[in-house]
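Trainee: the following comprises the amino acid sequence and a computationally predicted model.
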Amino acid sequence: MITDRDLKRYDRQIKLFGAEGQEKLKDSKVFIAGAGGLGSPISIYLAAAGIGKIVLVDRDVVELSNLNRQILHWEKDVGIKKALSAQEKLRGLNSDISIEAIPETLDDGNVSSLVGDADLIIDAMDNFPIRYLLNRTAVEKRIPFIHGAIYGFHGQATTVLPGKTACLRCVFARAPPPATFPVIGVTPGIIGLIQANEAIKYLTGAGELLTGKLLLWDGLKSSMETIDLEKDPQCIDCGGLV
């Protein structure tokens, strides 16, 4: 139930989607894979918006080289597990919600149980093998999946509704070769906020989602465009899903 404290805390956004929308956020569980460049802005803004439970998974520890973009982590956190560092900050931001930190490696053996009964899966990873794993899990569980990726000044995002829209594997049939890529910190900030915005829209029913579309951000030109996506009937992840 929405409390008086909720009404005061979330007053400005309740003016947008009403107390009913805020209650939907409060009753939601969001699974975020990654507590780095994308995971930082995603989790900060979802926590601030009042998502009832955030499950954050990341196996890595904070390194000095992370700090140009991973804004949940500070100098004092170097050497600490990212999931635990993120949990500390998010609890300090909003003590009224639940933050579950899981400092583990996502793999075929644990992904289904870790995702559990989440209402949304959000991709804040930096490699395609795990993205494909998340995509397949989303398809199998029929859980909406919000993808984001960045490179340098560029980024992309899309929202997948399993059985209704193109999945990640439909769009990217093959993974690019693994590499350590350059990135300026504002790029994951922009893409991560787009992903958080998609999550809030989906959970409250506000606006139109990036379903069947891939948003492309060019930070060098400060331009944004979307391209239409189509389901691949031969897709190995979602081809047989109706």
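Mentor: Received, thanks. Numbering: from 1, shown residues only.
Trainee: could you use CA atoms for every contact and neighbour count after this?
Mentor: OK.
Trainee: which strand residues bridge the residue positioned nearest the centre of the chain?
Mentor: What sits nearest the mean C-alpha location of the chain, by C-alpha atoms, centre = their mean, is Ile122, with 3.0 Å. Per DSSP bridges, the residues bridged to Ile122 are Ile32, Ile146.
Trainee: need the contact list for it.
Mentor: Applying C-alpha atoms under 8 Å, 6 or more residues apart in numbering to Ile122 gives the contacts Val30, Phe31, Ile32, Ala33, Phe145, Ile146, His147, Gln195.
Trainee: and the residues you listed as TSV, adding neighbour count, pLDDT and distance to Asp6?
Mentor: Formatted as TSV, the contacts of Ile122 follow (neighbours: other C-alpha atoms under 10 Å; pLDDT from 0 to 100; distance: C-alpha to C-alpha, whole Å):
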residue	neighbour count	pLDDT	distance to Asp6
Val30	24	98	19
Phe31	23	98	22
Ile32	25	98	23
Ala33	28	98	27
Phe145	26	98	27
Ile146	28	98	26
His147	25	98	29
Gln195	28	98	24
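Trainee: distance to Thr226 added to those residues, as TSV?
Mentor: Shown next, in TSV, are these (distance: C-alpha to C-alpha, whole Å):
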residue	distance to Thr226
Val30	25
Phe31	25
Ile32	24
Ala33	24
Phe145	18
Ile146	15
His147	14
Gln195	14
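Trainee: what are the ranges of the strands in this protein?
Mentor: Secondary structure of the chain (DSSP state E): strands at 29-33, 53-57, 98-102, 120-123, 145-151, 154-160, 213-218, 223-228.
Trainee: any chance of those in TSV, plus distance to Tyr45?
Mentor: Formatted as TSV, these follow (distance: least, C-alpha to C-alpha, whole Å):
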stretch	distance to Tyr45
strand 29-33	12
strand 53-57	11
strand 98-102	13
strand 120-123	13
strand 145-151	15
strand 154-160	17
strand 213-218	20
strand 223-228	21
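Trainee: between these, which gets nearest to Lys89?
Mentor: strand 98-102 (10.1 Å; C-alpha to C-alpha).
Trainee: quick one, longest helix in this structure?
Mentor: Ranked by number of residues, the top helix in the chain under DSSP state H is helix 186-204.
Trainee: what's that helix packed up against?
Mentor: helix 11-26, helix 39-49, strand 145-151, strand 154-160 (3 or more C-alpha pairs under 8 Å, 6 or more residues apart in numbering; DSSP states H and E).
Trainee: mind listing what's buried along it?
Mentor: For helix 186-204, the neighbour count (16 or more other C-alpha atoms under 10 Å) marks 186-196, 198-204 as buried.
Trainee: and the angle from that helix to helix 39-49?
Mentor: Interaxial angle of helix 186-204 relative to helix 39-49 (axes from the mean of the first three to the mean of the last three C-alpha atoms, to 10 degrees): 40 degrees.
Trainee: can you list contacts of helix 186-204?
Mentor: Against helix 186-204 from outside (C-alpha under 8 Å, 6+ apart): 17, 21-22, 24-25, 28, 37-43, 45-46, 69, 120, 122, 124, 146-157, 159, 206-210, 217, 219.
Trainee: quick one: buried ones out of those?
Mentor: 21-22, 24-25, 28, 37-43, 45-46, 69, 120, 122, 124, 146-157, 159, 209-210, 217, 219.
Trainee: distance between stretch 71-88 and the chain's centre?
Mentor: 18 Å (C-alpha atoms, centre = their mean, to the nearest Å).
Trainee: can I get the CA coordinates of that stretch in CSV?
Mentor: The C-alpha coordinates for stretch 71-88 follow below in CSV (Å, rounded to 0.1, in the frame of the first residue of the first chain):
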residue,chain,number,x,y,z
ILE,A,71,29.3,6.4,-10.5
LEU,A,72,28.0,4.2,-7.8
HIS,A,73,31.6,3.4,-6.8
TRP,A,74,34.0,5.8,-5.1
GLU,A,75,37.8,5.9,-4.4
LYS,A,76,37.2,4.3,-1.0
ASP,A,77,35.5,1.3,-2.7
VAL,A,78,38.5,0.1,-4.7
GLY,A,79,38.9,-3.6,-4.0
ILE,A,80,35.4,-4.1,-2.8
LYS,A,81,32.8,-6.2,-4.6
LYS,A,82,30.8,-4.0,-6.9
ALA,A,83,27.5,-5.5,-5.9
LEU,A,84,28.2,-4.7,-2.2
SER,A,85,29.5,-1.2,-2.9
ALA,A,86,26.3,-0.5,-5.0
GLN,A,87,24.1,-1.9,-2.3
GLU,A,88,25.5,0.4,0.3
